[in-house]
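**Student:** need a structure here:
(chains A and B)
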There are 2 protein chains.
Amino acid sequence: MALIVQKFGGSSVANRDRIFNVARRVIETFDKGNQVVVVVSAQGDTTDELEAKSKEISASPSKREMDVLLSAGEQMSMALLAMAIQELGRSAVSLTGWQAGMQTNSNYSGARIKKIQAERIWKELDSRKIVVVAGFQGINKYDDITTLGRGGSDTSAVALAAALHADVCEIYTDVDGVFTADPRIVPNAKKLDDISYDEMLELASLGANVLHNRSVEMAKKFNVNMVVRSSLNYNEGTYVKEVSKVEEMLVRGVARDNNIARISICEVKDAPGKAFQIFSLLSKKNINVDVILQSIGRAGTKDISFTTALDNLDAALSVLNENLDAIGAKEINHSEDVSKVSIVGAGMVNNPGVATLMFEALYDANINIHMISTSEVKISVLIPKEDSDKAVRAIHDKFNLGK
Amino acid sequence: MALIVQKFGGSSVANRDRIFNVARRVIETFDKGNQVVVVVSAQGDTTDELEAKSKEISASPSKREMDVLLSAGEQMSMALLAMAIQELGRSAVSLTGWQAGMQTNSNYSGARIKKIQAERIWKELDSRKIVVVAGFQGINKYDDITTLGRGGSDTSAVALAAALHADVCEIYTDVDGVFTADPRIVPNAKKLDDISYDEMLELASLGANVLHNRSVEMAKKFNVNMVVRSSLNYNEGTYVKEVSKVEEMLVRGVARDNNIARISICEVKDAPGKAFQIFSLLSKKNINVDVILQSIGRAGTKDISFTTALDNLDAALSVLNENLDAIGAKEINHSEDVSKVSIVGAGMVNNPGVATLMFEALYDANINIHMISTSEVKISVLIPKEDSDKAVRAIHDKFNLGK
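**Tutor:** Take a look at the predicted model:
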């Protein structure tokens, strides 16, 4: 007997038939004698619909009230799933974030899980119930409802798996697992059998859209065995674990992120502390920056460029323009016509040839590189958005990832 | 400065414009220096839509899960209303049933409020916030979500008014108050300025559709001043209070209830305990009966007839038919083609002429009476459903209620 956490996303519970499909999957696991905790997202477009309703009321609704509103989404889907499991003859109980003891900090819309008080879940598991828990939501120390931000249901599932010392945390999705590239762009992309936390982290942050970044960080921190698999078939998924088995292949996958913008701050006075000044302004507004590039500008100045998520573009431009004089820069320009393409692989750091091969692939395809950034497990390039599909295919071919 | 509880129903918050309309009403009261607690129902058809979703999953979903599902409705509307109040520049906070300390028993879908732990509400009121509370819902001692049953938001409002010792509990609706008869049936029906709890109780239970019966019982028990008024205008509403001012007019209103059925159990053996046996069977299934009539049947037998809400008809017939032998009755028949028309007024009990006048009105209108029931403050007759409008008009005229 094992304890298994299973997470199903919004499209998996979008309507009656899919809810029953999930219920059957859950029951198959349960009937093998396992204890099962199911984490569920809001149905289909519920979250978007609720956000649209709030926008009718206010352009910038209170984050506390937004969390109250959005958390109703999982409360509905979890009740429906519990009903479906019961309809199929098994015992089930649904628990909201606060009922499940999901304690978070007070950062509404982007709360961090602090602790899970799992007594209630254990009590229900002990009485042989399938426990359905609302993903994405928690409660802070003031008894206020919080949400973990977009994609937070993955994080809920991993946090539960860690707190309950689950044997595995299964993340169900509509693809078979983690691929060497997006199969919609690269038809011969290959599914990976396993991947390390670090590699998955880079892929997640690079827009592979399979797992939420924070969930992978948490899985790594608490050494939770995750598997990403399809809810539509019984194929083996991709295991995400501490050390992926050593393989010939250094590069594990190619990812693309079109949801970014580049901002350049031009002719910043070349004095110490400028970068600190700029990026602390941004971090105070909770704006994450990604690739950063600093170059020599006109006499005695430098240009600082960075990328950020498209959603943050307006906020970043406004805080920078407000402080243009304080920074001592001449002007700020930006572009949304950029894409970040990256290769990820654990062994990359010791193989300088990898970067060369990537740049060669882009050169062969006649693609211009704007910015370059490297880490231990990835190399990213900023290129024109229109070239991004071509770039992914060229790199995938060059590294022979389709086998 | 007063503490005022205001309750708005689902149609009052059905869309963006109506939510802002409610927000403005609330703010008007708040800006006069009052403390305001707003109780809100789910938006428009939300509850019906959620019930429909559950029916897709199961013909008889678990009541616990049903309450989890339905309570999401008020959670959404309360957040939207709080956002609208904030958008108009006032401080507001929304609280779910459990956050507001609304403790109930565990009778899912029809829970009773046991106690309100109002510390959180006081804390928010003390910091000059408008407090928006989800109606209809609470929490039991196991930390499970409960709902109070249909119309429970009125009860939530009165219970809060009692717990907070509010100066008044304002129930906002789409009519101007309590009328001498349904204005759709009787065009010259007159709005009452005030009405006693007992009279209102009878009117509520008789299908006047203005206030939920339980809310009036609770208001009476805790001596809460209620007022029923329109959210669409500034007319004075109808006050519901301990003793309505003495008036010439004995009869306060005429009510009609078409949502009933008559069940007759024929040729029951004429032995002691038969009525107890029958009605305890029904009460075990939570089936309320209303008008009861017992008459002499064939030799050594009696016929027992009663009315019940149309919704309960199938359940009542099935429990009675299952126990037909145990009861020792010959047969059970029923009719849905009945309507109950009643007159209500506090002074009625000492004025036998009132009943006579009512029967005369029905005789003049050529309407046949099936059953008669009287209490201290009402006289009800069971008549053919097709005659019910005519009956209401005839009685309203006879008592000159339109002045």
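**Student:** if I pick the residue of the stretch 151-300 of chain A found nearest chain B, what's in contact with it?
**Tutor:** Proximity of the stretch 151-300 of chain A to chain B (Cβ to the nearest Cβ) peaks at A:S153, 16.5 Å away. All C-beta spots, glycine's among them, are computed from the backbone N, C-alpha and C. When contacts are counted by Cβ atoms under 8 Å, 6 or more residues apart in numbering or on different chains, A:S153 touches A:K7, A:G9, A:V39, A:V40, A:S41, A:E74, A:G135, A:F136, A:H212.
**Student:** which among these gets closest to chain B?
**Tutor:** A:E74 (9.0 Å).
**Student:** how long is stretch A:181-193 from one end to the other?
**Tutor:** Terminal residues of stretch A:181-193 lie 14 Å apart, using Cα to Cα, to the nearest Å.
**Student:** wait, stretch A:123-131
**Tutor:** Note: stretch A:123-131 ends 10 Å apart using Cα to Cα.
**Student:** same thing with stretch A:382-391?
**Tutor:** 11 Å.
**Student:** so how far is the lowest-mean-pLDDT helix or strand in chain A from its chain's centroid?
**Tutor:** Sorted by mean pLDDT, DSSP states H and E, the helices and strands of chain A end with strand A:289-296, the least confident at a mean of 79. Distance, stretch centre to chain centre, for strand A:289-296: 23 Å (Cα atoms, centre = their mean, to the nearest Å).
**Student:** Neighbouring strands - and their directions - for that strand?
**Tutor:** Strand A:289-296 has its sheet partners listed here by DSSP bridges as strand A:301-309 (antiparallel).
**Student:** tell me which strands and helices the helix or strand following the strand it pairs with is in contact with?
**Tutor:** Under the assignment DSSP states H and E, the closest C-terminal helix or strand after strand A:301-309 is helix A:313-322. Other elements packing on helix A:313-322 under the criterion 3 or more Cβ pairs under 8 Å, 6 or more residues apart in numbering or on different chains; DSSP states H and E are strand A:260-269, helix A:274-284, strand A:331-335.
**Student:** among the ones you listed, which is nearest A:Q86?
**Tutor:** strand A:260-269 (44.7 Å; Cβ to Cβ).
**Student:** ok and that closest one relative to helix A:313-322, angle-wise?
**Tutor:** 10 degrees (axes from the mean of the first three to the mean of the last three Cα atoms, to 10 degrees).
**Student:** quick one: strands adjacent to strand A:260-269?
**Tutor:** Counting by DSSP bridges, strand A:260-269 is paired with strand A:301-309 (antiparallel), strand A:331-335 (antiparallel).
**Student:** mind exporting the longest one as PDB, just the C-alpha atoms?
**Tutor:** Right, strand A:301-309. C-alpha atoms of strand A:301-309 as PDB (Å, rounded to 0.1, in the frame of the first residue of the first chain):
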ATOM      1  CA  THR A 301      27.700  55.400 -19.600                       C
ATOM      2  CA  LYS A 302      26.400  51.900 -19.900                       C
ATOM      3  CA  ASP A 303      23.200  50.300 -21.300                       C
ATOM      4  CA  ILE A 304      21.400  47.800 -19.100                       C
ATOM      5  CA  SER A 305      18.900  45.500 -20.800                       C
ATOM      6  CA  PHE A 306      16.800  42.700 -19.300                       C
ATOM      7  CA  THR A 307      13.800  40.600 -20.000                       C
ATOM      8  CA  THR A 308      10.600  40.200 -18.000                       C
ATOM      9  CA  ALA A 309       7.300  38.500 -18.400                       C
END
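**Student:** Return the distance of A:E267 relative to A:S280.
**Tutor:** The spacing between A:E267 and A:S280, counted by Cβ to Cβ, to the nearest Å, is 20 Å.
**Student:** Looking at these two, which has the bigger crowd around it?
**Tutor:** A:E267 (17 against 10; other Cβ atoms under 10 Å in any protein chain shown).
**Student:** ok, for the more buried one, nearest residue in space, not its chain neighbours?
**Tutor:** Nearest residue to A:E267, sequence neighbours excluded (Cβ to Cβ, 6 or more residues apart in numbering or on different chains): A:K330, at 3.7 Å.
**Student:** Now the helix or strand A:L125 falls within: buried residues?
**Tutor:** Element membership for A:L125 (DSSP H and E) is helix A:119-126. For helix A:119-126, a neighbour-count test (16 or more other Cβ atoms under 10 Å in any protein chain shown) marks A:R120, A:I121, A:E124, A:L125 as buried.
**Student:** and the next element down the chain from that helix?
**Tutor:** Helix A:119-126 is succeeded, C-terminally, by strand A:130-134 (DSSP H and E).
**Student:** pLDDT (mean, whole number) over the helix or strand that that next one is followed by?
**Tutor:** The element immediately downstream of strand A:130-134 (helix or strand, assigned by DSSP H and E) is strand A:137-139. Mean pLDDT, strand A:137-139: 97.
**Student:** which residues of chain A score low on pLDDT?
**Tutor:** Along chain A, segments meeting pLDDT under 70 span A:150, A:205-209, A:243-249, A:297, A:347, A:349-350.
**Student:** quick one, helices of it?
**Tutor:** In chain A, the helices defined using DSSP state H lie at A:16-31, A:46-57, A:63-87, A:119-126, A:152-163, A:197-205, A:213-222, A:274-284, A:313-322, A:324-327, A:353-364, A:388-398.
**Student:** Need the distance between the two termini of stretch A:80-97.
**Tutor:** For stretch A:80-97, the end-to-end distance is 16 Å (Cα to Cα).
**Student:** in that stretch, what counts as buried?
**Tutor:** For stretch A:80-97, a neighbour-count test (16+ other Cβ under 10 Å) marks A:80-87, A:90, A:92-97 as buried.
**Student:** ok so, going back, tell me which of the helices and strands packed on helix A:313-322 lies nearest to B:E49.
**Tutor:** Nearest of these (Cβ to Cβ): strand A:260-269, 38.3 Å.
**Student:** what's the angle between that closest one and helix A:274-284?
**Tutor:** Using the same axes, to 10 degrees, strand A:260-269 lies at 140 degrees relative to helix A:274-284.
**Student:** before we move on, back to that, what's the helix holding A:L125 packed up against?
**Tutor:** When contacts are defined as 3+ Cβ pairs under 8 Å, 6+ apart, helix A:119-126 sits against strand A:35-40, strand A:92-95, strand A:130-134.
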